[in-house]
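*Asks:* can you look at this prediction? I've put the sequence above it.
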Amino acid sequence: MAWCCKFLVLLFSDSRFSGTRESLVCGVGGGGSVQVGVVRVGGSDGQIKVRYQTVPRTALMQTDFVHVSGLLVFEEGETRKTITVQILNDNVREPSKVFEVQLLDPTAGQGVINFRGFGSISKTVVTITDDDMTPGSLELERASYVVSEEGGSVQVGVVRVRGSDGQIKVRYQTVPRTALVQTDFVPASGELVFNEGETRKTITVQILNDNVREPSKVFEVQLLDPTAGQGVINFRGFGAISKTVVTITDDDMTPGSLQLERASYVVSEGGRQRAGGGGSSGRERWTDQGLLVFEEGEIRKTITVQILNDNVREPSKVFEVQLLDPTAGLGVINFRGFGSISKTVVTITDDDMTPGTLEIEESFYSVQENIGLVRVAVGLGSKPTVEVLIKDDDMTPGSLQIERPSYVISEGGGSVQVGVVRVGGSDGQIKVRYQTVPRTAVGKTDFVPASGLLVFEEGETRKTITVQILDDSVREPSKVFEVQLLDPTAGQGVINFRGFGSISKAVVTITDDDMTPGILQVEETTYSVQESQGTVQVGWCAWRRHQDDQVKEPTESFEVELLDPAAGQGVLNFRGLGQNQRAEVFITDDDMVPGVVELEQTSFVVTEGVGKLQVGVIRVGGSDGQISVKYQTKPKTALPGFDFTPVKGELVFEDGEIRKTIVLEIKDDQLREPQKSFELELFEPTAGQGVVNFRRHEQKQTALVIINDDDLNPGVLQLEQSSLYVCGGCWSPANRRGPGGGSDGQIRCRYRTTAKTARAGFDFVSVSGEVVFEDGQTRKTIPIRILDDDVKEPSLNFEIELLEPRLGSGIFKFKGLGSQIKALITIADDDGKSQSITKIFLFFENSYKLANT
């Protein structure tokens, strides 16, 4: 027969009787009673009797329990009776207390023989446990906090309400919302332990400051897994608030302060005054008061006060305009109120006096700036202003001259540009005429005559005279003509003009272009060769051999120069060397090893709660010179903006650098979902200036980032009880549990039996193996066979143990084994007289039923 686990089993080998348990434990909850069973075993013939009574130990009669005594009569066939003891409740917190229930004077009825009296247990101990413990519940002090980003940290209070008995614990963590981890705050997690009597703890979260103006941001502080300490009862877990929202307000706002523009104003009584405030009442003015609202970006407002006029001659009068109650708008911080001027004095001057007017006799005076003093006569009249013109004597208009005394141009040159320059100053406007004058050159045959006027405005210092040169096909000697400047003139108001400078005419020589001896020059001004090339050819006339080496070195150069050009006999129009008289040959080093750029890993597996993933990009095979590579993320099953933050950019490896890092932000959510992925791609590797031997990968470099969901709750594995037994094929139930009853995904665990006083193969069949919990499964059974024999022996025991839990694919947050990983199984012998069993759980070697507990 099976009994509730509240009781131990009492066994009798003959017709003796005693209490059904060595000890009883009961809670005083709301009072009630305890039922103590007395059984008759080993037979039920005839009538037998026994007296019983309660005996106090630490428990007090009529305070903790009601004393009972009496007589139990077992009639023919009866095998069980019950003694009921009433337990008294109180509201006093106290230790556990005990009393005994004893059997006395067993007596056989008339005609009963072979009665052996008591079995092994004739008294039982009843323990009364206290139920007045009030450990209370845990909750956050407030549902929300607001902290400035310059506050340094926020203190989140966790309080224990409605009791403080015993030890309780709770875990906590921060969860980002719009606030970013390591950008706006430092994440925090841990465990708070409230010892006996403690009612408040503080969670400190560091707030990070920046200089960026931005909207308020939020994150949460959550409480998790409230746990009662050893021996604590009545713990109610969480109170009303298990998470709080922390709002980080921006401190980079600069709303400024308010002040009046000036400390005083003067206005005629016939006018209207505008100021940064309001006025008060009186004969000369009327009250003006109100509210000024400065919107975002506004920096100035005007208060208009009407001034009242009269026809009474009177002294000046004053009133004040005052600013009051500066107030910041919603969400505005750092407002400093008033500036230096919060009130201004307005003086009203009288306009009823008629003193007449003053005027100046002359409206215009003209003087030199070195005159020293100018006298202006003033009398009555209608001329309030006078213009005094001060003539400057510091003007430096400079002088004019031709840029060069001679010019040479080929008759095929098209035209000659003769420069006219202004030297020694550029103040004011000056003018000059010009003309061409033939000498050996003939006008309209060798050149087109030119004349005209050049006007140099203020600040101009150069003009050009263009003379067209006429070409022919006749081989002839050089010819000349002149360009002359005439009549230099200063513009209006210009003084100190000095006319011509040192050159007022230039000789232009027209050279014949009908002989073509050519010119000498190098073909290219620069040559660039590899140091391993061997020979460089410069133009058609120069050869220079250069040597290769294996030394890494900067670019080197040498020059090839043409010297001493000379015309042969009878050669004219030879113009000597051309523009390219020398060539520079650059030897670039070919010993550079810049290497190639590639991803450090081609795949990454992260959980969605990881926050940030750092992907290494390395430079292998060399590190010479500067190289760069672009990168970007490409979605696959992961969604940009929801599962990760898309990025793109460029990495620049300077000379000697071999590693860079790309930071990818992984976004967390609270949704259970399948595995997702996206790619990080490298493309367009580029060599920097002067870098040679740079090798590019033929294909784009990509890394696959796999995001595993972290919202699974696989729970923990443990045995249901620390001691157990069953009958006939003992089974040991293993279960899985977690916060909220976790059963997500597949987990496995090995098990095995270990012999103690019971021997494997003699008393039980040793087993080992593996239990597999599929997704959603929470309970499995391990069968163990018990072997029977005919040997009288003491109770034996062995252990069953869980070990080596393993996770299925894609499982996270598995906490492994729970607190009960071993169970003790006790086998009681059935081959002699019954014995009392002191273990909590018993297993009979020939039993095929669940035994009493």
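*Replies:* Now that the structure is in, tell me what you want to look at.
*Asks:* quick one: low-confidence parts of the stretch 351-500 of the chain?
*Replies:* The stretch 351-500 of the chain contains residues with pLDDT under 70 at 355-358, 370, 378-384, 386, 389, 391-392.
*Asks:* how about a cut-off of 80?
*Replies:* Scanning the stretch 351-500 of the chain for pLDDT under 80 picks out the ranges 353-393.
*Asks:* check the gap between Pro517 and Ser264 for me.
*Replies:* 90 Å (C-beta to C-beta, to the nearest Å). Any C-beta I mention is one placed from the backbone N, CA and C, and that applies to glycine too.
*Asks:* brain fart, Lys169
*Replies:* From Lys169 to Ser264 the distance is 70 Å (C-beta to C-beta).
*Asks:* cool, and Lys444?
*Replies:* Lys444 is 81 Å from Ser264, by C-beta to C-beta.
*Asks:* more neighbours: those two, which one.
*Replies:* Ser264 (13 against 9; other C-beta atoms under 10 Å).
*Asks:* residue boundaries of the strands in the stretch 301-450 of the chain?
*Replies:* Under the criterion DSSP state E, counting those that start in this stretch, the stretch 301-450 of the chain contains strands at 303-306, 317-322, 343-349, 359-360, 364-368, 378-379, 387-391, 399-402, 406-410, 415-423, 430-438.
*Asks:* and those, which is most packed in?
*Replies:* Sort those by mean neighbour count, taking mean count of other C-beta atoms under 10 Å, and strand 399-402 sits at the top with a mean of 23.
*Asks:* pull the distance from that strand to the chain's centre.
*Replies:* From the chain centre to the centre of strand 399-402 is a distance of 70 Å (C-alpha atoms, centre = their mean, to the nearest Å).
*Asks:* any residues touching that strand, and which ones?
*Replies:* 418-425, 430, 432, 456, 483, 485, 488, 497-506 (C-beta atoms under 8 Å, 6 or more residues apart in numbering).
*Asks:* one more pass at 7 Å, please.
*Replies:* 418, 420-424, 430, 432, 483, 485, 488, 498-506 (C-beta atoms under 7 Å, 6 or more residues apart in numbering).
*Asks:* kindly report the same for stretch 667-681.
*Replies:* By C-beta under 7 Å, 6+ apart, stretch 667-681 touches 608-609, 615, 631-638, 642-645, 662, 664, 700, 702-709, 711-712, 810.
*Asks:* now with 6 Å, please.
*Replies:* Residues from elsewhere that reach stretch 667-681, judged by C-beta atoms under 6 Å, 6 or more residues apart in numbering: 608-609, 615, 632-638, 643-644, 700, 702-709, 711.
*Asks:* in helices, which of the residues you listed appear?
*Replies:* Assignment to helices by DSSP state H places none of the contacts of stretch 667-681 there.
*Asks:* could you pull out the strands for the stretch 1-150 of the chain?
*Replies:* 16-19, 23-27, 33-41, 48-56, 69-74, 80-86, 97-108, 123-129, 137-140, 144-148.
*Asks:* closest to Gln581 out of those?
*Replies:* strand 144-148 (72.3 Å; C-beta to C-beta).
*Asks:* give me the angle between the helix or strand just after that closest one and strand 144-148.
*Replies:* The first helix or strand that comes after strand 144-148 along the chain, using DSSP states H and E, is strand 153-161. Going by axes from the mean of the first three to the mean of the last three C-alpha atoms, to 10 degrees, strand 153-161 is angled at 160 degrees with respect to strand 144-148.
*Asks:* buried residues in strand 153-161?
*Replies:* Neighbour-count burial for strand 153-161 flags Val154, Val156, Val158, Val159, Arg160 (criterion: 16 or more other C-beta atoms under 10 Å).
*Asks:* paired strands for it, with orientation please.
*Replies:* strand 137-140 (antiparallel), strand 200-206 (antiparallel) (DSSP bridges).
*Asks:* returning to that earlier point: export the strands of the stretch 301-450 of the chain as JSON lines, with columns for distance to Gly290.
*Replies:* Formatted as JSON lines, the strands of the stretch 301-450 of the chain follow (distance: least, C-beta to C-beta, whole Å):
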{"stretch": "strand 303-306", "distance to Gly290": "8"}
{"stretch": "strand 317-322", "distance to Gly290": "12"}
{"stretch": "strand 343-349", "distance to Gly290": "16"}
{"stretch": "strand 359-360", "distance to Gly290": "44"}
{"stretch": "strand 364-368", "distance to Gly290": "51"}
{"stretch": "strand 378-379", "distance to Gly290": "47"}
{"stretch": "strand 387-391", "distance to Gly290": "46"}
{"stretch": "strand 399-402", "distance to Gly290": "69"}
{"stretch": "strand 406-410", "distance to Gly290": "80"}
{"stretch": "strand 415-423", "distance to Gly290": "64"}
{"stretch": "strand 430-438", "distance to Gly290": "64"}
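*Asks:* residues contacting Phe238?
*Replies:* Leu138, Pro226.
*Asks:* swap in 7 Å and give it another go.
*Replies:* Ser137, Leu138, Glu139, Leu223, Pro226.
*Asks:* and the fourth one, how far from Glu196?
*Replies:* In other words, Leu223. Taking C-beta to C-beta, one finds Leu223 at 20 Å from Glu196.
*Asks:* do the first one as well
*Replies:* Ser137 sits 16 Å away from Glu196, taking C-beta to C-beta as the criterion.
*Asks:* quick one, which of the two is more surrounded?
*Replies:* Ser137 (20 against 12).
*Asks:* number of nearby residues for Val212?
*Replies:* 9.
*Asks:* which residue, other than its chain neighbours, is closest to it?
*Replies:* Nearest non-adjacent residue to Val212, counting by C-beta to C-beta, 6 or more residues apart in numbering: Asp252, 6.4 Å away.
*Asks:* tally up the residues packed near the one you found, please.
*Replies:* Neighbour tally, Asp252, other C-beta under 10 Å: 14.
*Asks:* how much space is there between it and Ile827?
*Replies:* Taking C-beta to C-beta, one finds Asp252 at 76 Å from Ile827.
*Asks:* cool, Val647 as well?
*Replies:* 66 Å.
*Asks:* who has more neighbours, the two?
*Replies:* Higher neighbour count among Val647 and Ile827: Ile827, with 26 against 14, using other C-beta under 10 Å.
*Asks:* distance check, that one against Gly239.
*Replies:* In terms of C-beta to C-beta, Ile827 sits 48 Å off from Gly239.
*Asks:* what's opposite the residue nearest to Asp105 when sequence neighbours are not counted in the beta bridge?
*Replies:* Counting by C-beta to C-beta, 6+ apart, the nearest residue to Asp105 once its immediate chain neighbours are dropped is Arg51, at 4.9 Å. Arg51 has the following beta-bridge partners by DSSP bridges: Leu71, Leu104.
*Asks:* what do you get for the one 5 residues further on?
*Replies:* Residues found in beta-bridge contact with Pro56 (criterion: DSSP bridges) are Phe99.
*Asks:* neighbours of it, how many?
*Replies:* Pro56, neighbours per other C-beta under 10 Å, totals 16.
*Asks:* got it, and Gly690?
*Replies:* Gly690 has 12 nearby residues by other C-beta under 10 Å.
*Asks:* just the element for it, please.
*Replies:* Using DSSP H and E, Gly690 falls outside every helix and strand.
*Asks:* contacts only, for it.
*Replies:* Thr555, Gly625.
*Asks:* ditto for the one 4 residues further on
*Replies:* With contact taken as C-beta under 7 Å, 6+ apart, Phe694 is in contact with Pro594, Ile627, Ala687.
*Asks:* repeat that for Ser164.
*Replies:* So Ser164 contacts Gly136, Gly197, Glu198, Thr199 (C-beta under 7 Å, 6+ apart).
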